[in-house]
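>>> Okay, structure incoming, though there's no sequence with it:
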C-alpha cells in the first residue's frame, strides 16, 4: 500500500466516523425515528469485491476490530462465501467475501442462459 492510499483511507475513516456520530446524535434527538431506522441499522452490509484486496485479511481484521470494540461477532463459512457479522446491540454490520477471493484465486467463468422477454 502506498502512502497516498493510506492517507486517503485515514481521511475516509475520519469522515465515516463523523457521519456515524452525526447519525447517533440524530437518533438520540429524534427517538420517534427509531422504527424507520431499525431495518437499515440492523442489516448494514459490506462486500470485499476487488481481487486486489486481501479478502481473508480484511475479514480477519474486521473480526478482530469488532471483538475489540465489544461486538457480538459471528462467522459463517459457507461453500460459496465467508461472512463476518458484528452486532452492536440493535446495530449489525456484516462483511462478506466470495470463496474465490477468500482463496486468492480467480473465479472460474460462469455461464447461464440469458433471460428473455418470452419467459414473462
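Yep, it's here. Everything quoted here is computed from the prediction, not taken from an experiment. Numbers count the residues shown, from 1 in each chain.

>>> What are the boundaries of the helices in the chain?
Along the chain, the segments classed as helices by DSSP state H run 3-29, 34-42, 55-68, 99-103.

>>> Could you dump these into TSV and include mean neighbour count, distance to residue 90 and mean pLDDT?
For the C-beta atoms, the positions are set from N, CA and C on the backbone; glycine is no exception. Putting the helices of the chain into TSV (neighbours: other C-beta atoms under 10 Å; distance: least, C-beta to C-beta, whole Å; pLDDT from 0 to 100) gives the following:
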stretch	mean neighbour count	distance to residue 90	mean pLDDT
helix 3-29	10	10	92
helix 34-42	11	6	93
helix 55-68	15	15	95
helix 99-103	17	29	89
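
>>> Report the central residue of this protein.
The centroid of the chain falls nearest to residue 46 when counting by C-alpha atoms, centre = their mean (2.1 Å).

>>> quick one: that residue and residue 97 touch, right?
No - counting by C-beta atoms under 8 Å, residue 46 does not reach residue 97; the two are 9.7 Å apart.

>>> Reformat the helices of the chain into JSON lines and put distance to residue 88 next to each item.
Formatted as JSON lines, the helices of the chain follow (distance: least, C-beta to C-beta, whole Å):
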{"stretch": "helix 3-29", "distance to residue 88": "11"}
{"stretch": "helix 34-42", "distance to residue 88": "9"}
{"stretch": "helix 55-68", "distance to residue 88": "8"}
{"stretch": "helix 99-103", "distance to residue 88": "25"}
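
>>> Residue 84 is nearest to which of those helices?
Proximity to residue 84 (C-beta to C-beta) singles out helix 55-68 among those, at 4.9 Å.

>>> mind checking pLDDT for residue 50?
At residue 50, the pLDDT value in this model is 82.

>>> Backbone torsions only: list them for it.
Backbone dihedrals for residue 50, given as degrees, to the nearest 10, come out at phi -100, psi 130.
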